[in-house]
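J.: this is the structure alone, sequence omitted:
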């Protein structure tokens, strides 16, 4: 990908404002490509409305929720709640990227388009959960209130490059999490719904991945440092929700998202596609970041192998 902005050899020469300006034409190009390939879809078409019935409250015929009413597996319920609560924080995510990327020009158009598309995900997931009675609606709302009342602050809001690097990986991580949740849910309707959401997340990942590739061309040292920081300290955006650590551990054991998936299906594909470990001509700080990134990925692979062994041993004990 070639852009007209000059390459500046000094890392100090770049500011967020200069980077935003330098990447504007790339954003416009990627936005146009995205609008050509994306397809609008209707959330209400993926919800089993005929399964729905009134809950207690204002309706005299309301039927209380019972776990036996759910068609979803136990691990599916946990993952669906985590995924939905993550999507619920969209207002905070919009605030973060709108503050960093701005609301004008191609950047602003993308910010609003991305927010509109992401909004469908929370809508369809909540409608599905309530119509199918997959989870306890009272607990779900209590979790939402607690999670959103605590607020959200990104780990990567201190730099535009850090934010771009983060979402390039995070969008893929979200796609993988949704897709695996559908596979593990035990409900074909849920699987189909999450597959459609995953298509959106994949297109969002491609947008940010290509933008990250352009950033490597104009500010390779700074971009390499941002990628190193993001990969080494990566956390999913829902890490602040109540009980997240426990639910994340259950999702790891259930094959929805774990160290092996994180290494093989999220980090490695982006690093490999952008040929990040093959970039040369870096300055001292860029080279150091590249080396540290390689060491971290090797270490993560070892940790993932240990997790695989523990998981296999656990499966053997259960069997």
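T.: It's in. Bear in mind that the values here come from a model prediction, so they are computed numbers and not experimental data.
J.: distance of residue 33 relative to residue 203?
T.: As judged by C-beta to C-beta, to the nearest Å, residue 33 and residue 203 stand 9 Å apart. No exception for glycine: its C-beta is placed from N, CA and C like everyone else's.
J.: higher neighbour count, those two?
T.: A count of neighbours by other C-beta atoms under 10 Å puts residue 203 above the other of residue 33 and residue 203, at 18 against 14.
J.: picking up where we left off before, name the residues contacting each of residue 33 and residue 203.
T.: Here residue 33 and residue 203 have no joint contacts, going by C-beta atoms under 8 Å, 6 or more residues apart in numbering.
J.: is it true that residue 100 touches residue 93?
T.: No: judged on C-beta atoms under 8 Å, residue 100 makes no contact with residue 93 at a distance of 11.0 Å.
J.: mind listing the strands for the stretch 201-319 of the chain?
T.: For the stretch 201-319 of the chain, no strands are identified by DSSP state E, counting those that start in this stretch.
J.: so where is it shaky, pLDDT-wise?
T.: Judged against pLDDT under 70, the stretch 201-319 of the chain has no low-scoring part.
J.: distance-wise, check residue 251 relative to residue 259.
T.: Counting by C-beta to C-beta, the gap from residue 251 to residue 259 is 12 Å.
J.: tell me where the stretch 1-150 of the chain has helices.
T.: 16-37, 74-88, 90-101, 105-132, 137-149 (DSSP state H, counting those that start in this stretch).
J.: buried ones in the longest one, by neighbour count?
T.: Buried residues in helix 105-132, defined by neighbour count with 16 or more other C-beta atoms under 10 Å: 106-107, 109-111, 113-115, 117-118, 120-122, 124-132.
J.: quick one: it to helix 16-37, angle?
T.: 60 degrees (axes from the mean of the first three to the mean of the last three C-alpha atoms, to 10 degrees).
J.: tell me what helix 105-132 is packed against?
T.: Helices and strands touching helix 105-132, by 3 or more C-beta pairs under 8 Å, 6 or more residues apart in numbering; DSSP states H and E, are helix 16-37, helix 74-88, helix 90-101, helix 137-149, helix 188-218.
J.: in a markdown table: those, plus distance to residue 173.
T.: Listed next are the helices and strands packed on helix 105-132 as a markdown table, based on distance: least, C-beta to C-beta, whole Å:
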| stretch | distance to residue 173 |
| --- | --- |
| helix 16-37 | 19 |
| helix 74-88 | 10 |
| helix 90-101 | 14 |
| helix 137-149 | 18 |
| helix 188-218 | 9 |
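J.: just to check, residue 205 is in contact with residue 178?
T.: No: using C-beta under 8 Å, residue 205 is not in contact with residue 178, being 12.0 Å away.
J.: comparing the two, which residue is more hemmed in?
T.: Neighbours were counted for residue 205 and for residue 178 using other C-beta under 10 Å; residue 178 has more, 28 against 23.
J.: you'd agree residue 81 is up against residue 144?
T.: No: with contact defined as C-beta under 8 Å, residue 81 does not reach residue 144; the gap is 9.5 Å.
J.: which of those two has more residues huddled nearby?
T.: A direct count of neighbours by other C-beta under 10 Å for residue 81 and residue 144 places residue 81 higher, at 23 against 18.
J.: what does the pLDDT read for that one?
T.: Residue 81 carries a pLDDT value of 95.
J.: show me what contacts it?
T.: Residue 81 is in contact with 135, 140, 143, 247, counting by C-beta under 8 Å, 6+ apart.
J.: just those residues: which has the poorest pLDDT?
T.: Ranked by pLDDT, the contacts of residue 81 bottom out at residue 143, which has 90.
J.: from residue 69, how far out is it?
T.: Relative to residue 69, and taking C-beta to C-beta, residue 143 is found at 19 Å.
J.: neighbour-wise, which of those two wins?
T.: residue 143 (20 against 13).
J.: now do the longest helix anywhere in the chain against helix 188-218, angle only.
T.: Ranked by residue count under DSSP state H, the longest helix found in the chain is helix 284-318. On the basis of the same axes, to 10 degrees, helix 284-318 is oriented at 160 degrees to helix 188-218.
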